[in-house]
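Asker: Just need the structure, nothing else, for what follows:
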Amino acid sequence: MVMNKRGHRGSLNNLFIKNFKGQGLSISSIILIILGIIVLVILALGFFIGWQNIVPFVSQDNANTVSSQCLAACTTGSVYDFCSKGTDLTTKSVTLKNVTCNYLAQKQSQYGISTCSAISCSNIVLVTATSTADLQSKCSSNTGKTVQALIDNTLQSAPC
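Answerer: I've put the predicted structure just below:
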C-alpha cells in the first residue's frame, strides 16, 4: 500500500492515475491558424495557376509599376525592354495589352512614361491602323522595319 497526498491509502495503480483535462485553444490561436491556412492557399494558387491570374483580383492599377520598368530599361540601356518587350498596362478606366515603353512614351504620355534619349527605337514605326490588314498595308513604305499600332486596346506588330 502506498499513501497518497491526502494521507489515504491507495494502491500503486491509483497513484499513477491522474485527471488529465484537455487544454483548449484560445480564440486568437484559432484565428491565427485560419489566417495561416488562407495565406498558404493563396500562395499555392499563385504558384500553381500563375500570379497573373491572381493579381487582377488584388490590384487594378499597375501604371506606376510599368513606368518604373520603363525607367529602368532606359537607365540600363536595354533596347529590347524599352522598344520591343510588351506588357499590360491596367488602370481603373482602361487596359492596354502588349504595349511597349516606346509606344507609351510616344502615344500615351498621360501615364508618365517619357521618351528615352539613350535608346533609339529607329527600327519601329508607330502608325494608326484599325485592323491587322490595315497595319500590314503600312509596310509598303516601311520596308525592313516593324510597324506597330494600337488595335482594340492591344498593340499589334507587323514586321515589314
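Asker: Any buried residues in stretch 90-104, and which?
Answerer: 90, 96, 98-104 (16 or more other Cβ atoms under 10 Å). Placement of C-beta: from N, CA and C, glycine included.
Asker: Tell me the gap between that stretch and the middle of its chain.
Answerer: Remark: stretch 90-104 is offset 15 Å from the chain centroid, using Cα atoms, centre = their mean, to the nearest Å.
Asker: Could you work out the end-to-end span of that stretch for me?
Answerer: By Cα to Cα, to the nearest Å, the extent of stretch 90-104 from end to end equals 13 Å.
Asker: sorry, back to before: in helices, which of the buried residues of stretch 90-104 fall?
Answerer: 101-104 (DSSP state H).
Asker: Throw the buried residues of stretch 90-104 into CSV and include pLDDT, thanks.
Answerer: Below are the buried residues of stretch 90-104 laid out as CSV (pLDDT from 0 to 100):
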residue, pLDDT
90, 87
96, 91
98, 93
99, 94
100, 93
101, 93
102, 93
103, 92
104, 92
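Asker: Same list, those residues, but as CSV with distance to residue 155 please.
Answerer: Listed next are the buried residues of stretch 90-104 as CSV, based on distance: Cβ to Cβ, whole Å:
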residue, distance to residue 155
90, 14
96, 7
98, 5
99, 5
100, 7
101, 11
102, 10
103, 6
104, 9
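Asker: From these, pick the one nearest residue 121.
Answerer: Taking Cβ to Cβ as the measure, residue 102 is the one of these closest to residue 121, at 4.5 Å.
Asker: Counting by contacts, list what the lengthiest helix in the chain packs against.
Answerer: Once the chain is assigned using DSSP H, the helix that runs over the most residues is helix 27-49. Contact analysis of helix 27-49 by 3 or more Cβ pairs under 8 Å, 6 or more residues apart in numbering; DSSP states H and E lists helix 51-58 as its packing neighbours.
Asker: quick one: low-confidence ranges for the protein?
Answerer: Within the chain, the stretches with pLDDT under 70 are 1-24, 55-59.
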